[in-house]
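1. Fold the stuff below for me.
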Amino acid sequence: MTRVVSWCFRHAVVVAALWLTALAGLGFAALHTGAAFHDTVDLPAADSTAAAKLLRGTGTEESVVVRALDGPIDRGAGRVDLEAFAARLAALPHVVAVSPPPGRVAPDGGTAILTVRFDAPATTLGQATADTFADVVRDARGLTAGASGELAAMTAAAPDLGNAGIGLLAAALVLFVTFRSPACVLLPVLTASVSVGCALAAVTLLSHVMTVPKISTEIAALLGLGVGVDYALFVLTRFRQGRREGADPAAALAVAAATSGRSVVFAGVTVCVSLAGMLTVGMPFLDGIAVAAAVSVLLTASAALTLLPALLRPAAGRMRIPAEGGGRGWARLARSVTRRPGPYTLAALLVVAVLALPMTGLRLGVPDASLDPPGSITRTAAELLHAGFGPGAGAPLLVVGTGDASLGTLREALLARAEVGPPTPLPGGWLLTATPRTAPDDPATAELLSWTRAMATTVGGPDTHVGGPVAARADFAAAVTARLPLFLFSVVGISVLLLAWVFRSVVIPLTAAVMNLLTAAATTGAVVFAFGAPIEPYLPVFLFAGLFGLSMDYEVFLIARVQEAWRRRGDTRAAVVDGVAATGRTITAAALIMALVFVAFAFVDARVVREAGVGLTVAVLLDAVVVRCVLVPAVMAWFGEANWWFPRRRPARVARELVGSGR
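-> Numbers count the residues shown, from 1 in each chain. Here you go, the predicted structure:
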């Protein structure tokens, strides 16, 4: 690592040119090829998938909900506008049929539903067809219109990364206040910006070879900018310390590479390993998010160890290096914690418990379209359906069967609990549409779905399936939940093994795992408190993988300094004090910077990104301030010398070493 960093420092122009070339090349390729994001969740074994296959055939159907601005929709000026609108829909490419106006009309006469049938599945039609369809729906000319269906869902707002710039500006302000040096502001921000730019272009290109959801770009930017600034800051802080001690720039950078550089490598690998745990869920949708985020983290870690040293070459001579300061307060805190670990441990656990309490109300599920971005055609459709047809109109249960012997019995049973229309013939089967009397996110709707599936299997037999939006969302949540134990075990287990290998300790990685689990509970509780239920099924997976990896940044940075001091002094409590004094300021500054980047994403349109922004903000602040600076020192004081216990090496290996040394 030292050789790589030193080479980049000596050949600054070459390294900077390579990074800029990579940024330009990847950016040009991404613009030239365009994106091929896929937001479809593939669940081959799900009951809703079987129903969708029977319903879809070779095409796809979209529901267009239309409301007249003034007066009824089925006569007069409203009917004229509706017929003109239906004609424009029928003229779209790939549209094979539009239900004759006025279609299904609401009881108040002001809202109607038109069915638009396309000649191919939504995934085959692609983004261009979806955007053209959305443009016509938005331009309803005298009407208010929205749409629901797979094609409409593809028209979610494009990722808006303007919030990332706001987060970076806030981070730059914290860097300047903390370090009082323009170089300490520009270098981490520039390093993170270049690497994340490369990552976003790479993710766009990856969308052509694997399933990558559109949300992946915002997730990659969120993580990449957060860890990118932090990684650069860790190396820069150790470099400044070396310069303060009198070392020349090259020597100071060599020491920084051997210490903080090593920590950055391990932290980056740990974040990627944690994200790779998402692959155990076995869904291409989540695989794409994991790969996109891991690419961003790897590139930002690489930039901190290559581009940053190159940028330091011209900046080192002009960098302001103030006298040592700021560690005394952290040393006093560490001494107080290590002298009285009991009260501090209880206080820290109380904070975690309060934040985690709302987790008891956690309910996993995909929110309905009423929580989509304002102005989107899917949200407009959900609002119009609710106002015109009732709360359950956007959550129909589509019961599909292939034999008609039990059709009447099944319909009678369903009528007792839902609104059920007459049977619709299908090629080789039939369709019953059951409309719940409750909203899509209401637990009563989920209960109705379970009851309907049990009744369909009992009365209609194994060839009867239940589909629709609510059923698909429930199947997605169930599939993720079923794989959560394997995911948790893999992430925690691999992280514990990595920490044990790095620090040659058993206690430290185990306590770190427990603390990270506590942080995960507190983070999830904060998200539930802020957004309510349901929470997207994959959000806890991403949050756990992300925070488990990110918390290792601070764990490695702190414990590495504690271990250095312990090797010098042989006293665990004194080493903890030295480690906290040396890293407390940097860890809290880094956490604040990362939190500012994350919280900037709490104001984007996409709900899941807002949830991730809030969750990761709470996670890094809680982890840096409460866990790393209070709970970790307290627990290490409790364990004392046991912190450094590790199974002894095999006797044969020890004997060979003794013989080789002549002892």
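
2. Surely Phe133 touches Thr60?
-> No - counting by C-beta atoms under 8 Å, Phe133 does not reach Thr60; the two are 10.7 Å apart. (Each C-beta comes from the backbone N, C-alpha and C, glycine too.)

3. shared neighbours, those two?
-> Residues touching both Phe133 and Thr60 by C-beta atoms under 8 Å, 6 or more residues apart in numbering: Leu151.

4. quick one: which of those two has more around it?
-> Each of Phe133 and Thr60 has its neighbours counted (other C-beta atoms under 10 Å); Phe133 has more, 28 against 22.

5. do you know how far that one is from Val98?
-> 12 Å (C-beta to C-beta, to the nearest Å).

6. joint contacts of those two?
-> Jointly contacting Phe133 and Val98 under the rule C-beta under 8 Å, 6+ apart are Val116.

7. element containing the spatially most central residue of the chain?
-> Taking C-alpha atoms, centre = their mean, the centroid of the chain lies closest to Phe542, which sits 4.7 Å from it. Using DSSP states H and E, the element containing Phe542 is helix 538-569.

8. Tell me how far that helix lies from the chain's centre.
-> How far helix 538-569 lies from its chain's middle: 19 Å, per C-alpha atoms, centre = their mean, to the nearest Å.

9. Which SSE is immediately downstream of that helix?
-> Downstream of helix 538-569 (by DSSP H and E), the next one is helix 572-600.

10. Summarise which helices and strands that following helix is packed against.
-> Judged by 3 or more C-beta pairs under 8 Å, 6 or more residues apart in numbering; DSSP states H and E, the packing partners of helix 572-600 are helix 162-179, helix 216-244, helix 327-339, helix 538-569, helix 607-621, helix 632-639.

11. circling back: buried residues in the helix holding Phe542, which are they?
-> Judged by neighbour count (16 or more other C-beta atoms under 10 Å), helix 538-569 contains these buried residues: 538-563, 565-566.

12. ditto for stretch 503-514
-> Phe503, Ser505, Val506, Val507, Ile508, Pro509, Thr511, Ala512, Ala513.

13. Closest one of the residues you listed to Gly361?
-> Nearest to Gly361 out of the buried residues of stretch 503-514 is Ala513 (C-beta to C-beta; 25.5 Å).

14. Flag every buried residue along stretch 488-495.
-> For stretch 488-495, a neighbour-count test (16+ other C-beta under 10 Å) marks Leu488, Ser490, Val491, Val492, Ile494, Ser495 as buried.

15. Let me see the contact set for the residue nearest to the first one when sequence neighbours are not counted.
-> The shortest distance from Leu488 to any residue other than its chain neighbours is 7.1 Å, reached at Phe544 (C-beta to C-beta, 6 or more residues apart in numbering). For Phe544, the residues meeting the contact criterion (C-beta under 8 Å, 6+ apart) are Ser274, Phe487, Leu488, Val491, Ala520.

16. Of these, which pair is most distant in space?
-> Phe487 and Ala520 (11.9 Å).

17. In terms of neighbours, single out the busier of these two.
-> Per other C-beta under 10 Å, whichever of Phe487 and Ala520 has more neighbours is Ala520, with 25 against 21.

18. what's stretch 31-50 in contact with?
-> Applying C-beta under 8 Å, 6+ apart, the set of residues contacting stretch 31-50 from outside is 122-123, 127, 150, 153-154, 156, 204-205, 207-208, 211-216, 283-285, 288, 453, 465-468, 471-472, 474-476, 479.

19. Mind checking which of the residues you listed are buried?
-> 122, 127, 150, 153-154, 156, 204-205, 207, 211-216, 283, 285, 288, 453, 465-468, 471-472, 474-476, 479.

20. Helices - which of those residues land there?
-> Counting by DSSP state H, the buried ones among the contacts of stretch 31-50 place 122, 127, 150, 153, 204-205, 216, 285, 288, 453, 471-472, 474-476, 479 in helices.

21. what's the farthest-apart pair in those residues?
-> The distance between the two most remote of those (C-beta to C-beta) is 41.0 Å, for Leu205 and Arg453.

22. Give me the phi and psi for Arg104.
-> Main-chain torsions, Arg104, degrees, to the nearest 10: phi -90, psi 120.

23. That one - nearest residue in space that isn't next to it in sequence?
-> Nearest to Arg104 is Ile113, by C-beta to C-beta, 6+ apart, at 4.4 Å.

24. and the one you found, helix, strand or coil?
-> Judged by DSSP: H, G, I helix; E, B strand; the rest coil, the three-state class of Ile113 is strand.

25. list the contacts for it?
-> Ser63, Val64, Val65, Val66, Gly103, Arg104, Leu385, Phe389.

26. what's the most distant pair in those residues?
-> Val64 and Phe389 (13.8 Å).

27. ok, these two, which is more surrounded?
-> Val64 (28 against 20).

28. any idea which element that one lies in?
-> Val64 belongs to strand 60-68 when assigned by DSSP H and E.

29. for that strand, packing partners?
-> If contacts are counted by 3+ C-beta pairs under 8 Å, 6+ apart, strand 60-68 sits against helix 76-90, strand 111-118, helix 122-138, strand 143-148, helix 150-153, helix 377-389.

30. so the residue nearest to Arg104 bridges to which residues?
-> For Ile113, the beta-bridge partners under DSSP bridges are Val65, Arg104.

31. Contacts only, for the closest residue in space to Met594 that isn't next to it in sequence.
-> The shortest distance from Met594 to any non-neighbouring residue, by C-beta to C-beta, 6+ apart, is to Gly226 (4.2 Å). Going by C-beta under 8 Å, 6+ apart, Gly226 touches Leu550, Ile593, Met594, Val597, Phe598, Leu616, Val620.

32. In ChimeraX, select just the buried ones from the residues you listed.
-> The ChimeraX selection below is limited to those of the contacts of Gly226 classed as buried (16+ other C-beta under 10 Å):
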select :550,593,594,597,598,616,620
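
33. Show me which of the contacts of Gly226 is closest to Thr438.
-> Leu616 (33.0 Å).

34. Spit out the contact partners of the closest one.
-> Here Leu616 is in contact with Leu222, Gly226, Thr523, Leu543, Gly546, Leu547, Leu550, Met594, Phe598 (C-beta under 8 Å, 6+ apart).

35. Now render these as a markdown table, adding pLDDT and distance to Leu398.
-> Formatted as a markdown table, these follow (pLDDT from 0 to 100; distance: C-beta to C-beta, whole Å):
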| residue | pLDDT | distance to Leu398 |
| --- | --- | --- |
| Leu222 | 83 | 36 |
| Gly226 | 81 | 42 |
| Thr523 | 94 | 36 |
| Leu543 | 87 | 32 |
| Gly546 | 81 | 36 |
| Leu547 | 83 | 38 |
| Leu550 | 76 | 42 |
| Met594 | 82 | 45 |
| Phe598 | 85 | 39 |
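
36. Take the residues you listed and lay them out in TSV including distance to Gly408.
-> Shown next, in TSV, are the contacts of Leu616 (distance: C-beta to C-beta, whole Å):
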residue	distance to Gly408
Leu222	53
Gly226	59
Thr523	51
Leu543	48
Gly546	52
Leu547	53
Leu550	58
Met594	61
Phe598	56
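
37. Mind pulling up the pLDDT for the closest residue in space to Val281 that isn't next to it in sequence?
-> Closest residue to Val281 apart from its sequence neighbours, by C-beta to C-beta, 6+ apart: Arg483 at 4.5 Å. pLDDT recorded at Arg483 is 87.

38. Distance check, Arg483 against Arg141.
-> 47 Å.

39. Repeat that for Ala530.
-> 39 Å.

40. Of those two, give the one with the bigger neighbour count.
-> Ala530 (14 against 10).

41. Quick check, the more buried one in contact with Val614.
-> Yes - counting by C-beta under 8 Å, Val614 is a contact partner of Ala530 at 5.4 Å.
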